[in-house]
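Undergrad: Build the 3D model from these lines:
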Amino acid sequence: MNNTMVLTKRERMELTRRTRSRTGRAETARRARVILLLAEGATWDVVCHTLACSRGFVATWSQRFTAERVAGLYSRHRGQTPQRQTPQTEARILETTRRAPADGATHWSTRKLAAQLGVSHMRVARVWAKHGIKPHRLERYMASNDPDFERKAADIIGLYLNPPQHAVVFCVDEKTAIQALDRKDPVLPLSPGRAERHGFEYYRHGTLSLYAAFNTKTGEVLGKTADRHTSEQFIAFLTDLVANQPKGVEIHVIADNLSAHKTKRVTEFLQTYSNVRLHFTPTYSSWLNQVELWFAKIERDVIARGVFTSVKDLEKKLMRDIRHYNKAPKTVKWKYCDPSRRISTQSIVTGH
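TA: Take a look at the predicted model:
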């Protein structure tokens, strides 16, 4: 079909202006191009191919132009009525978000809440963004049930913020049951556009435990591996720790409440080495022990993606990483941001 349009000079100038406008709507420019192409003698098939549109689109706007000329190229659909963001609507969105959906779902999505309240899902998204609400996110926590939490926590925080003079503070713990995993299939290295890939199957060569003492002043780590995490192994590690410090220096050791840390043999060790003092974190409060941050680092750097041909190979790679880390150790910049919560400023220990 060939419906050649006859345009006046003024109409051609107006349509050309619309096709070149950088501020107008893209759909307006597209309609103008349809008319200009038809005026140049292009067939409907050529127009559809050039503008990637349908024959119905060409028919609609050519008929409207024929009937009303340039005025007919405006859209007949007036769009939705603008919606105002009122405080009442915002409060209703926030209040409903805090309640679980009645259909048994655990949390709201923007579209589900919008359908419930009869508003736009983008309005829900804007209100959530304004107030920092993220229903799809979930954080877990562990509350300490230690009745002596404040005293123990204040004691440890005091060691971090104001350690005793002429003394050394170590955070000690063990990372247990580290598996020496060997992949059955070769590791495929990363390449542009593709992450490193590990085979799904693996061999288990056994496990070992890693004892670590984090020096809170220097950031250095003293590490030792063991087949098991027993009280005897803990005492042996403490003995190595004492041997690596100047004779007679006061040593403060922060540890958790593992039963192996509180045996009769540990008590006898403390009686023998009167310069060593153990400070136990409250229950479920491993976040107070700075060595846990270092354990997270070695987990990321060595263990999580490591390939170990034997337990001996695992031990070698762990100790190699510790030696490399100690060449440029980093301390933890510890600060307690809100002492009004459970621990008051008066309860923080300032000396030992």
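
Undergrad: Can you classify the closest residue to Leu222 other than its chain neighbours by secondary structure?
TA: What sits nearest to Leu222 in space, not counting adjacent residues and going by CB to CB, 6 or more residues apart in numbering, is Ala213, at 4.4 Å. To be clear about C-beta, it is placed using only N, CA and C from the backbone, and glycine gets the same treatment. Classification of Ala213 using DSSP: H, G, I helix; E, B strand; the rest coil returns strand.

Undergrad: what residues are up against Ala213?
TA: Residues near Ala213 by CB atoms under 8 Å, 6 or more residues apart in numbering: 170-172, 221-223, 237, 241, 253, 291.

Undergrad: how near is it to Pro246?
TA: Here Ala213 is placed at a distance of 15 Å from Pro246 (CB to CB, to the nearest Å).

Undergrad: burial measure for the residue nearest to Ala167 when sequence neighbours are not counted, as a count.
TA: Excluding its sequence neighbours, the residue lying closest to Ala167 (CB to CB, 6+ apart) is Glu250, at 3.9 Å. Using other CB atoms under 10 Å, Glu250 has 16 other residues around it.

Undergrad: Wait, Glu250 touches Phe170, no?
TA: No: assessed by CB atoms under 8 Å, Glu250 is found out of contact with Phe170, at 11.5 Å.

Undergrad: where exactly do the helices run in the chain?
TA: For the chain, the helices defined by DSSP state H cover 9-20, 26-39, 44-51, 55-68, 87-97, 110-117, 121-131, 149-161, 231-243, 264-272, 291-298, 311-325.

Undergrad: Switch the ones you listed over to TSV; also include mean neighbour count, distance to Val187 and mean pLDDT.
TA: Formatted as TSV, the helices of the chain follow (neighbours: other CB atoms under 10 Å; distance: least, CB to CB, whole Å; pLDDT from 0 to 100):
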stretch	mean neighbour count	distance to Val187	mean pLDDT
helix 9-20	14	56	87
helix 26-39	19	49	86
helix 44-51	15	50	87
helix 55-68	15	54	87
helix 87-97	14	45	92
helix 110-117	16	41	94
helix 121-131	16	41	93
helix 149-161	19	40	88
helix 231-243	17	32	91
helix 264-272	13	42	91
helix 291-298	18	20	94
helix 311-325	16	15	94
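
Undergrad: can I assume Ser285 is in contact with Phe149?
TA: Yes: the pair Ser285 / Phe149 is scored as a contact, 7.3 Å apart, by CB under 8 Å.

Undergrad: Look up how far Asn215 lies from Gln245.
TA: For Gln245 relative to Asn215 (CB to CB), the value is 10 Å.

Undergrad: what touches both of these two?
TA: Joint contacts of Gln245 and Asn215 (CB under 8 Å, 6+ apart) are Val168.

Undergrad: These two: which has the busier surroundings?
TA: Neighbour count, other CB under 10 Å: between Gln245 and Asn215, Asn215 has more, with 20 against 16.

Undergrad: how close does His324 get to Lys317?
TA: Distance of His324 to Lys317, computed by CB to CB: 11 Å.

Undergrad: Ile178 too?
TA: 11 Å.

Undergrad: So what pairs up with Ala226 in the strands?
TA: Beta-bridge partners recorded for Ala226 (DSSP bridges): Ser209.

Undergrad: residues near it, how many?
TA: Ala226: 18 neighbours (other CB under 10 Å).

Undergrad: where does the residue nearest to Tyr202 when sequence neighbours are not counted land on pLDDT?
TA: Leaving aside its chain neighbours, Tyr202 sits nearest to Leu181 (4.7 Å; criterion: CB to CB, 6+ apart). Confidence at Leu181, expressed as pLDDT, is 91.

Undergrad: what residues does stretch 214-225 touch?
TA: Counting by CB under 8 Å, 6+ apart, 159-160, 163, 168-172, 208-213, 236-237, 240-241, 244, 290-291, 294, 315, 318-319, 322, 325-326, 329-332, 334 sit against stretch 214-225.

Undergrad: before we move on, back to that, so the residue nearest to Tyr202 makes contact with Gly306?
TA: Yes: judged on CB under 8 Å, Leu181 makes contact with Gly306 at a distance of 7.5 Å.

Undergrad: Kindly export stretch 199-213 (C-alpha atoms) in CSV.
TA: Taking C-alpha atoms only, stretch 199-213 is exported to CSV below (Å, rounded to 0.1, in the frame of the first residue of the first chain):
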residue,chain,number,x,y,z
GLY,A,199,34.4,-29.3,41.2
PHE,A,200,31.5,-30.4,43.4
GLU,A,201,33.1,-33.6,44.7
TYR,A,202,36.1,-33.7,47.0
TYR,A,203,38.2,-36.0,49.2
ARG,A,204,38.3,-35.7,52.9
HIS,A,205,41.9,-36.2,54.3
GLY,A,206,41.1,-35.4,57.9
THR,A,207,40.8,-32.4,60.2
LEU,A,208,43.0,-30.4,62.6
SER,A,209,42.5,-27.5,65.0
LEU,A,210,44.3,-24.2,64.9
TYR,A,211,45.2,-22.3,68.1
ALA,A,212,45.8,-18.6,67.7
ALA,A,213,46.8,-15.8,70.1
